[in-house]
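> Need a 3D model of the sequence below.
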Amino acid sequence: MAHALASSALSLTPRYFDANVGSPTSRNLILAVVIIAFAVAGLFGTALIFTDRDRALSTSSLEWWARRVSPLIALPFIIALFRHDFASEIEAALILSLTVLGLERLVRVSLAARAEHPPSATNLLSALGAMAARVLERPNLTAGVLAGLAAAQCVFLAVWSIWSHQRFTTYGFDLGIYDNVFNTTLHGQWLAAPTMAMPEVWGDLRRNHADFAVFYLMPLYALRPGATTLLALQSFFIAGSAIPLYLFARNRLSPGAAFAVGIAWLLYPALQSSQMYDYHPQHIGAAWVVCAIAALEYRRYVLYWVFFALAILVREDVSIGLTALGLYSVLSGYRVKTGIATMITACVYFVVLRFGIMQNAQFSGMYKNLYVPGEAAGFGSILVTLVTNPTYAAKTLLTMEKARYLSQVFAPLAFLPMRRGLLWLLMIPGFFLTILTTEYQPTIQISFQYVANWAAYMFPAAVIALSSFGTDAEGTLRRRAAIVAMLCGSVIANVQWGAYSPRLSMRGGFLEVPLQRPSQADLEREVAVQALMDKVPPEARLCTGDRVQPHTTARHVNNWPLRFGIEGCDYVFWSELPGDLGNEHARAGLTRGAIELVERRGDVSLAKRKTAP
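Residues are numbered from 1 along each chain as shown. The predicted structure is shown next:
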């Protein structure tokens with residue numbers, strides 16, 4: 001505790017924690033404070049023992065106090081973890097994991113000591129604690145507060161992501177692609193994706209993903225077509241999932257414990273960080289999965305199958321998780337008949353869709369180190385390796401980056417889902433869609449959408465683990481300690497990687513995304529983009545740069561990626577912004593006379609093929 005207070009009071013730089021570099025004065029002050037604290041504690045204990053007639057009682061009292069305050073041992077690590085740049089991402093994630101696990105054990109020791117000598121009812125802290133407990137045991141109140149917090153976070157993160165879009169830091173990959181798919185479907189060209197060079201009807205389905213959720217989300221999108229609508233919808237689904245999660249937890253835990261789980265969901269940095277990377281349907285799928293699990297818990301079977309259908313239609317890979325959910329239900333004896341139906345339906349859906357209707361195997365490239373040498377690339381080759389050489393496959397899992405990723409996924413949950421063997425079945429979607437991948441970094445970074453395949457199942461799994469501790473005194477003590485560790489881990493992880501860090505910035509996809517309003521230059525650029533779009537004929541093939549594209553896809557259906565070149569383009573639209581993929585093709589086309597400039601406004605330009613209308 002002395003070390004924690006001293007290091008907090010001093011203005012220590014990140015280099016002190018990162019490289020052990022600091023002023024001798026600061027180091028000596030910390031050393032002096034720690035020595036003095038040890039001396040005072042030792043003298044106090046010695047005096048108490050030798051001045052009390054009942055030395056055994058004094059020793060026991062000291063030992064009780066040591067157990068009672070033992071969680072303070074974790075303070076130096078907690079304080080360091082509240083400094084964002086104190087270590088590398090891998091180091092911070094691993095230290096957080098150890099701190100959370102250690103803190104849980106220390107809190108359990110402290111609570112056990114408290115139970116031996118409960119504080120007097122007249123004690124101020126005890127009275128405040130009892131009052132808080134009574135408030136938290138009111139289900140309507142906790143549900144209402146959680147709903148209010150979810151609504152506030154929905155607005156907050158929607159604004160954050162929309163501001164990022166207005167600053168032109170969203171991209172054709174992937175916001176422009178999804179906005180284009182919604183817009184083509186709105187105009188009767190179902191799931192056509194010119195932004196992926198798939199302009200034919202059902203092109204997205206056959207050669208990319210089964211994004212059937214586009215159809216039932218269309219009424220909301222049609223109210224205000226555009227990328228900002230998709231970003232707002234994504235924020236609503238992520239934050240709103242805290243409510244069905246709370247309802248699921250409430251049926252197994254006390255209202256206070258269920259409230260804590262809901263707060264952990266809202267604080268979960270992986271969902272906040274990945275939300276800052278454009279729009280991705282995996283977040284929508286995760287929300288429906290949580291709703292389905294809650295409906296199943298309350299035996300609302302019709303509602304369950306509605307949510308099941310909404311979830312499985314989001315993307316083909318959602319069915320992997322639903323298959324695992326059905327398998328868990330069967331083997332755990334929980335809603336067995338529904339589990340069998342779930343498992344069979346989801347499995348058949350995935351196999352027929354992925355290997356029968358869809359015509360691409362490009363995503364097998366995420367597992368390319370699992371290909372059998374000399375055989376054709378594809379999922380079949382990967383399956384052969386997994387079956388015939390599991391040792392090699394296991395070796396590809398053992399990397400520090402994957403250890404860091406798993407720490408970031410599980411430390412905010414105090415590793416609760418890992419504590420019951422059957423719950424590991426619910427890790428199947430996350431394992432196959434992230435950890436098993438090789439040589440593809442986005443799948444093992446929490447700033448990308450793939451983490452939704454963990455969140456949808458791991459939070460219900462954490463609730464199941466908490467409820468498994470039982471209702472006796474020992475079980476209650478373990479559950480309380482685990483909840484404290486979970487909340488502490490969630491707060492620290494959020495400071496490190498989430499939205500509520502003092503630095504007001506978090507990673508989204510490949511980039512840092514600060515909470516920052518668009519500048520006047522950004523707003524003027526948007527006006528210029530829309531003015532230039534007025535000059536593009538409706539039927540022309542428009543090719544757009546990657547940073548411009550999400551600002552044009554709601555205006556023009558026949559919208560192609562400029563990064564593939566200007567061949568076949570009637571009009572070319574680009575900016576001079578860094579990372580606007582394809583602008584080099586536009587400049588080269590102007591130089592050689594393949595296209596001619598229509599107009600340039602600021603740093604955005606529109607050109608057309610010389611024979612274009």
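> which stretches of the stretch 251-400 of the chain have low pLDDT?
360-364 (pLDDT under 70).
> Kindly recompute the last result at 80.
Across the stretch 251-400 of the chain, the ranges flagged by pLDDT under 80 are 359-365, 374-380.
> just the strands in it please.
For the stretch 251-400 of the chain, strands defined by DSSP state E, counting those that start in this stretch do not occur.
> likewise the stretch 101-250 of the chain?
Assigned strands in the stretch 101-250 of the chain: none (criterion: DSSP E, counting those that start in this stretch).
> Low-confidence bits of it, can you list those?
Where the stretch 101-250 of the chain drops to pLDDT under 80, the residues are 119-133, 204.
> looking at this, Ile78 is in a helix?
Yes: counting by DSSP: H, G, I helix; E, B strand; the rest coil, Ile78 is found in a helix.
> Quick check, it in contact with Thr99.
Yes: between Ile78 and Thr99 there is a contact under Cβ atoms under 8 Å: 6.5 Å. For every residue, glycine as well, the C-beta is placed using N, CA and C.
> and the two? which has more neighbours close in?
Ranked by neighbour count (other Cβ atoms under 10 Å), Ile78 and Thr99 place Thr99 first, with 21 against 18.
> distance of that one from Ile444?
Here the criterion is Cβ to Cβ, to the nearest Å. By it, Thr99 lies 22 Å from Ile444.
> ok so, going back, list residues touching both of Ile78 and Thr99?
Shared contacts of Ile78 and Thr99 (Cβ atoms under 8 Å, 6 or more residues apart in numbering): Ile492.
> the helices in the stretch 251-400 of the chain, which residues?
Secondary structure of the stretch 251-400 of the chain (DSSP state H, counting those that start in this stretch): helices located at 255-267, 269-275, 281-297, 301-312, 318-332, 336-352, 379-388, 390-395, 400-410.
> what distance separates the last one from the centre of its chain?
So the one you mean is helix 400-410. Here helix 400-410 shows a centroid-to-chain-centroid distance of 13 Å under the convention Cα atoms, centre = their mean, to the nearest Å.
> So which elements touch the next helix or strand after it?
Counting by DSSP states H and E, the next helix or strand C-terminal to helix 400-410 is helix 428-430. Under the contact definition 3 or more Cβ pairs under 8 Å, 6 or more residues apart in numbering; DSSP states H and E, helix 428-430 sits against helix 318-332, helix 452-467.
> Comparing the ones you listed, which comes out most buried?
Among the helices and strands packed on helix 428-430, the stretch with the highest mean neighbour count (mean count of other Cβ atoms under 10 Å) is helix 452-467, at a mean of 26.
> can you put the helices and strands packed on helix 428-430 in CSV and add distance to Arg609?
Shown next, in CSV, are the helices and strands packed on helix 428-430 (distance: least, Cβ to Cβ, whole Å):
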stretch, distance to Arg609
helix 318-332, 41
helix 452-467, 41
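> Can you check which of those gets nearest to Leu103?
Nearest of those to Leu103, taken as Cβ to Cβ: helix 452-467 at 16.2 Å.
> How far away from the center of its chain is the closest one?
With Cα atoms, centre = their mean, you get 13 Å for helix 452-467.
> CA-only coordinates of that helix, as CSV, when you get a sec.
Coordinates of each C-alpha in helix 452-467 appear next as CSV, following Å, rounded to 0.1, in the frame of the first residue of the first chain:
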residue,chain,number,x,y,z
ALA,A,452,-17.8,-10.6,-31.3
ASN,A,453,-17.6,-14.3,-31.8
TRP,A,454,-16.3,-14.5,-28.3
ALA,A,455,-18.4,-11.9,-26.5
ALA,A,456,-21.8,-13.4,-27.5
TYR,A,457,-21.0,-16.7,-25.7
MET,A,458,-18.4,-15.8,-23.1
PHE,A,459,-20.6,-13.4,-21.1
PRO,A,460,-23.4,-16.0,-20.7
ALA,A,461,-20.7,-18.5,-19.9
ALA,A,462,-19.4,-16.3,-17.1
VAL,A,463,-22.9,-16.1,-15.7
ILE,A,464,-23.2,-19.9,-15.7
ALA,A,465,-19.8,-20.1,-14.0
LEU,A,466,-20.9,-17.7,-11.3
SER,A,467,-24.1,-19.5,-10.7
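> how about whichever helix or strand comes after that helix: buried residues?
Sequence-wise, the next helix or strand downstream of helix 452-467 (DSSP H and E) is helix 473-497. Neighbour-count burial for helix 473-497 flags 477-497 (criterion: 16 or more other Cβ atoms under 10 Å).
> ditto for stretch 340-348
341-343, 345-347.
> Check stretch 286-301 too.
Quick answer for stretch 286-301 (16+ other Cβ under 10 Å): 286-297.
> now stretch 243-253
Buried residues in stretch 243-253 (16+ other Cβ under 10 Å): 243-250, 252-253.
> do the same with stretch 436-444
Those would be 436-438, 442-444, for stretch 436-444 by 16+ other Cβ under 10 Å.
> closest to Thr553 among those residues?
Of all the buried residues of stretch 436-444, Pro442 has the smallest distance to Thr553: 22.0 Å, by Cβ to Cβ.
> list the contacts for the closest one?
So, once contact is read as Cβ under 8 Å, 6+ apart, Pro442 ends up touching 448, 450, 509.
> What separation do you get for it and Met131?
From Pro442 to Met131 the distance is 47 Å (Cβ to Cβ).
> now do Pro460
According to Cβ to Cβ, Pro460 and Met131 sit 30 Å apart.
> And for Thr399?
49 Å.
> In terms of neighbours, single out the busier of those two.
Between Thr399 and Met131, counted using other Cβ under 10 Å, Thr399 has the larger neighbour count: 13 against 10.
> got the phi/psi numbers for the more buried one?
The phi and psi torsions at Thr399 (degrees, to the nearest 10) take the values phi -130, psi 150.
> Also Leu511?
Here is the backbone geometry of Leu511 (degrees, to the nearest 10): phi -120, psi 160.
> Then Glu512?
Torsion angles, degrees, to the nearest 10, at Glu512: phi -80, psi 130.
> repeat for Glu200
Here is the backbone geometry of Glu200 (degrees, to the nearest 10): phi -70, psi 160.
> Which residue is the nearest non-sequential neighbour of it?
Ala192 (6.2 Å; Cβ to Cβ, 6 or more residues apart in numbering).
> That neighbour: how many residues sit nearby?
Neighbour count for Ala192, taken as other Cβ under 10 Å: 24.
> Quick check, it in contact with Ile177.
No: with contacts counted by Cβ under 8 Å, Ala192 stays clear of Ile177, the gap being 11.5 Å.
> Among the contacts of Pro442, name the buried ones.
Buried members of the contacts of Pro442, scored by 16+ other Cβ under 10 Å, are 448, 450, 509.
> contacting residues for the last one?
With contact taken as Cβ under 8 Å, 6+ apart, Gly509 is in contact with 276-278, 442, 447-448.
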